[in-house]
Each structure stands twice: as C-alpha cells, then as structure tokens.
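Visitor: take this sequence and fold it.
(one chain, ligands or ions: 2)
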Amino acid sequence: MKAPKFSYKNCVDLSEKVSWRLDQILPEDTILNFEKPHMPEALTETDQLTCLNQSEQLKLNHVRSNSYMNFFAFLEEYIIVLTVQHAQAEMYGDHDAIRALLRFSEEELKHQALFKRYCRFFDRDFGTSTKVLDQPAAIADVILSKSPIAVLLITLHFEVVTQQHYIECIKDDDALDPLPSSILKHHWLEEAQHIKIDHLELCKLAQGMPPEAISKAFDDYFEILSALDGLLEQQTDMDIESLQIAAGRQFTNEEFTEIKNCQYHSYRNGFFVMGMENKIFLRITKDLSPIDYERVLEQTEIFNKQKNTELVGD
Ligand SMILES: [Fe+2]
Ligand SMILES: [Fe+2]
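Guide: Ligands and ions are numbered 1, 2, ... in the order given. As a prediction, the model looks like this:
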C-alpha cells in the first residue's frame, strides 16, 4: 500500500487549527427550534412520503435528526476504544503518531458529548417521546472483535460518510435550521483529520500482510456492515413508532409499508452507499486490495438495486 503524502504531524497541526469547544457549538442554554428541517431531504427523503402531510413529514425529519445524532454517538463508542488501542501500540515509538491518535480519541469523546447533548435537548424540546438505539457497548464489542484492518475500514467508511453528508447534502441547503447544520459542519471539520489518520494506520497494518489476510479483513468489513444494517432496520421501526406518537395517529399497514421502505432505503443510502461511493474510500480500498475493491463496488450495486425493490410486503 502506498504511503500517503501527509504525516501524523500534519494531522496534529490541522486538528489544532480547526479545533472547537463544545459550549461554543451547542451551549447549555440552547432551546431547539422545530420550525425548519434539521436534516437535508437528500438524507431523509421524507418529502417523498405521499401518506404523510407536510407537518408529519417535518416531524419525521426531526425524528430522523435525533436518530442521526444518536447513531453517531453510538458508533463513536468503539472508535474511542480503537484509537486508544492504536495509541497504546505506538508507546515509546512515534510521538507525533501518539499525539495524533490521542487527539483523535479526545475529539470522538467530544463529538459523543455534542451528539448526546443535542439528543438530551431534543427529548426536552420536541414535545413527544422518541426511541433510539441504545447499548453502544454491545455493538462496539462485536466490531472490535473483527480483524484490525476491518475495524479501521469501517471507521474510515463512517468518517468519509460525515464528509459526504456535510459537503454534498448539508452545506448548501438553505432550508435547514442553522443549528444542526453547524453541529454537523464542526463534526466534519475534525473528522477530516480522522480520515487521514485512518489512512496512515491502515498503511502501517497492511505492511507485509498477505493478500488472503487482507481479503479476510474485507469479509469482516462486510459482516460489520450487515450487523449495522440490522440496527438501521430497528431504528427505522423506532422512528415510525416515534412519528406515530408525534403525529397522534396510528398508521395503516399500507402507510407503514410505504414509510418503512422509503426510510430504510434512505438510511442504507446515507450510511452505506454514500460511504462506499466516496472517492477517498474507493481510492484507499483499491490501493489496499484491487480484488476486494471490486467486492465493494459489487456490494454498492446490490444496495443500489435494492433501492428499487420493496423490502417490506403488506
Ligand atoms: Fe466523530
Ligand atoms: Fe472520527
């Protein structure tokens, strides 16, 4: 695998330059405003749901925003453990690498605190109860039990997802409430360095590794995606339940099917396809293993085809 042009030292410098404080981005005295969407339609696709009126579509957009922030706080649980482990592996070694990795851990802890604070405010201000995934430690254990390259690959995947979401979907969407957009902008600003550190760590791990071991890591990567896919389906069901409470009505089987198909697809598209189609992710996977890069393209194709197929029958 080719070594990238940047170094751990560059990552530390950039991280210091863009660093922010939690209270600057989301002060404790914030009251959330629900007049505008919190998430871009490009990610939530709520305006495609013919069975919902405009006010219900907006409520679902807000429900999705809460689930989104929770999902990232949820994922960051294992990333904190991962980065501390990688820093530990460098002890007595490259001090720039240790600094970059420890900053990475600290930033993920701060991101978790930011997302959890948003979710706490959401619970207080939204007006009705919502359900989100919990027990992040259980999924963290599953992910961390996989091969170290797979764990870095899935981390890289979700870090490029934050970039895709902000640059492609959020940055130029003027219809959005500015506060959640600012949260996701500041998240992305620090994630940009994490992408670089993942790349550097992948180079270190892949050095001298036989192609079969790399392919096994890709098997693990796909297994993690599949486990997360199950969680996204659970979250879709929870979102529908939360929406029923917020809208004050019970959906018919037909309505439930329409919402579930649309929302589950949009989760898969936003969290899986957008990561697997990202240029940086594809460049790194191709460099790591051209055969397994083809498997990434095939899996993306499968997700894209499923987009046009109904997942839930009534
Ligand atoms: Fe993060
Ligand atoms: Fe990150």
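Visitor: do I have it right that residue 142 meets residue 227?
Guide: Yes - contact criterion C-beta atoms under 8 Å: residue 142 and residue 227 qualify, at 5.9 Å. C-beta here means a position set from N, CA and C on the backbone, and glycine is covered the same way.
Visitor: taking the stretch 51-200 of the chain, what residue is nearest to ligand 2?
Guide: Here the residue of the stretch 51-200 of the chain nearest ligand 2 is residue 194; by C-beta to the ion that distance is 3.6 Å.
Visitor: next, count neighbours for that residue.
Guide: Residue 194 has 26 neighbouring residues, counting by other C-beta atoms under 10 Å.
Visitor: so where does the residue in the chain sticking out farthest from the centre fall, helix or strand?
Guide: For the chain, the largest distance from the centre (C-alpha atoms, centre = their mean) belongs to residue 92, which lies 32.6 Å off. Per DSSP states H and E, residue 92 falls between elements, in no helix or strand.
Visitor: how about it, phi and psi?
Guide: Main-chain torsions, residue 92, degrees, to the nearest 10: phi 70, psi 10.
Visitor: for residue 21, same thing?
Guide: The phi/psi pair for residue 21 (degrees, to the nearest 10) reads phi -100, psi 140.
Visitor: same check, this time on the one 5 residues further on
Guide: Note on residue 26: backbone dihedrals following degrees, to the nearest 10 are phi -140, psi 80.
Visitor: ok, now which ones touch it?
Guide: Taking C-beta atoms under 8 Å, 6 or more residues apart in numbering as the criterion, residue 26 is in contact with 114, 117, 118, 121, 179, 183.
Visitor: ok, residue 49 touching residue 257?
Guide: No - applying C-beta under 8 Å, one finds residue 49 not in contact with residue 257, separated by 11.2 Å.
Visitor: so who does residue 80 touch?
Guide: Here residue 80 is in contact with 105, 108, 109, 112 (criterion: C-beta under 8 Å, 6+ apart).
Visitor: likewise for residue 144?
Guide: By C-beta under 8 Å, 6+ apart, the residues touching residue 144 are 78, 81, 82, 151.
Visitor: next step: the residues you listed restricted to helices.
Guide: Judged by DSSP state H, helices contain the following of those: 78, 81, 82, 151.
Visitor: could I get the full set of helices for the stretch 1-150 of the chain?
Guide: Per DSSP state H, counting those that start in this stretch, the stretch 1-150 of the chain carries helices over the ranges 8-18, 22-25, 41-44, 54-89, 95-125, 136-144, 148-164.
Visitor: cool, the stretch 151-300 of the chain as well?
Guide: Here the stretch 151-300 of the chain has its helices, by DSSP H, counting those that start in this stretch, at 178-206, 211-247, 253-268, 274-276, 279-288, 290-306.
Visitor: no further queries at this time; thank you.
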